[in-house]
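> A structural model of the following input is requested.
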Amino acid sequence: MSTGGYSYPVAISKLGSDEGSREPQNVRAIKWLLEQDGGEVVVVTPQKNLEGSSLKKLIAHPRVRHLSWKGFSAWSLRGTRALVAWPNRKILNGLWDADADALAVIEWGEQETAEWISDAHPVILLPGETRAHEGTDSEELAVALPNGIDGILEHVASMAAGYDSGLKWNEEDKLRADMMNRQDRWRFVTVEQVRTKCRALGMRPDDADKIAGYLQKRKDGKRFNVRSSYRTFQFN
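Numbers count the residues shown, from 1 in each chain. Prediction:
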């Protein structure tokens, strides 16, 4: 059953407020994952060396594959039941393309996972409780953006959705050129409003961050090196 943001079951195991060890948190994630239907079990950790008896026991099983962040690609999780331990934002963003049968994340810190949780809608694994995802006040609603920006981002999102790798260089150049040539268009929108709109349109997290980053650079007074064919480009 899908948990909302992804097309397959997703869960995140959080450290309980009264837990002095991360071992129970690890156990909850492992138990949930093994209860899901799907392919082989794959465990992803920052390094091959790790602490935690339950994780070590799982990895020692001959039918479990262990990967580290070094050289990691989300494509390696395709058709698997994946356990991703203590991921940072970069790793979480990459999971967009995982296409796993089930995914369990072991959280290290809420700052790294907050935006991913609002996108993925995982079930929350807590001590003695499994809770469905509920939106929070920090999950901003995407508001209508002025000066045709809504239409621009909708166009860019539809183009990016047609490619496995997301946003292409020519769409990036068009956006950057418009931000330089139409400063009036972008002056009164915030970086977070643009990021939230991109996420609401279903864009890959990396693409949403990239577009928001372009706007931040323009607000900081920086210019872009755009290819000559798009240097004077403006969206209608």
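
> residue ranges for the helices of the protein, please.
Per DSSP state H, the chain carries helices over the ranges 23-34, 53-59, 89-94, 110-120, 149-161, 169-181, 183-186, 191-200, 205-219.

> Which strands or helices does the second one pack on?
Going back to what we said before, that points to helix 53-59. Contacts defined by 3 or more CB pairs under 8 Å, 6 or more residues apart in numbering; DSSP states H and E place helix 53-59 against helix 23-34, strand 41-45. Heads up, the C-betas are built off the backbone N, CA and C, glycines and all.

> okay, these in TSV with distance to W116, mean pLDDT and mean neighbour count next?
Output for those, formatted as TSV (distance: least, CB to CB, whole Å; pLDDT from 0 to 100; neighbours: other CB atoms under 10 Å):
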stretch	distance to W116	mean pLDDT	mean neighbour count
helix 23-34	15	98	19
strand 41-45	14	97	23
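
> Dump these to TSV, plus distance to K222.
What follows is these, written out as TSV (distance: least, CB to CB, whole Å):
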stretch	distance to K222
helix 23-34	41
strand 41-45	35
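
> Out of those, which gets nearest to R63?
Among those, strand 41-45 comes nearest to R63, with 7.0 Å by CB to CB.

> which residues sit against the closest one?
Contact partners of strand 41-45, identified using CB atoms under 8 Å, 6 or more residues apart in numbering, comprise 33-34, 55, 58-59, 61, 63-69, 72, 76-77, 80-87, 91.

> Describe which strands that strand pairs with in its sheet and in which direction.
strand 64-68 (parallel), strand 81-85 (parallel) (DSSP bridges).

> With mean pLDDT as new columns, can those strands be given to me in JSON lines?
Shown next, in JSON lines, are the strands paired with strand 41-45 (pLDDT from 0 to 100):
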{"stretch": "strand 64-68", "mean pLDDT": "96"}
{"stretch": "strand 81-85", "mean pLDDT": "97"}
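
> Make TSV out of those and add mean neighbour count and distance to G213.
Shown next, in TSV, are the strands paired with strand 41-45 (neighbours: other CB atoms under 10 Å; distance: least, CB to CB, whole Å):
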stretch	mean neighbour count	distance to G213
strand 64-68	16	27
strand 81-85	26	24
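
> if we can go back for a sec, any chance of the helices of the chain in a markdown table, with distance to A132 too?
Putting the helices of the chain into a markdown table (distance: least, CB to CB, whole Å) gives the following:
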| stretch | distance to A132 |
| --- | --- |
| helix 23-34 | 13 |
| helix 53-59 | 25 |
| helix 89-94 | 20 |
| helix 110-120 | 12 |
| helix 149-161 | 27 |
| helix 169-181 | 36 |
| helix 183-186 | 37 |
| helix 191-200 | 20 |
| helix 205-219 | 22 |
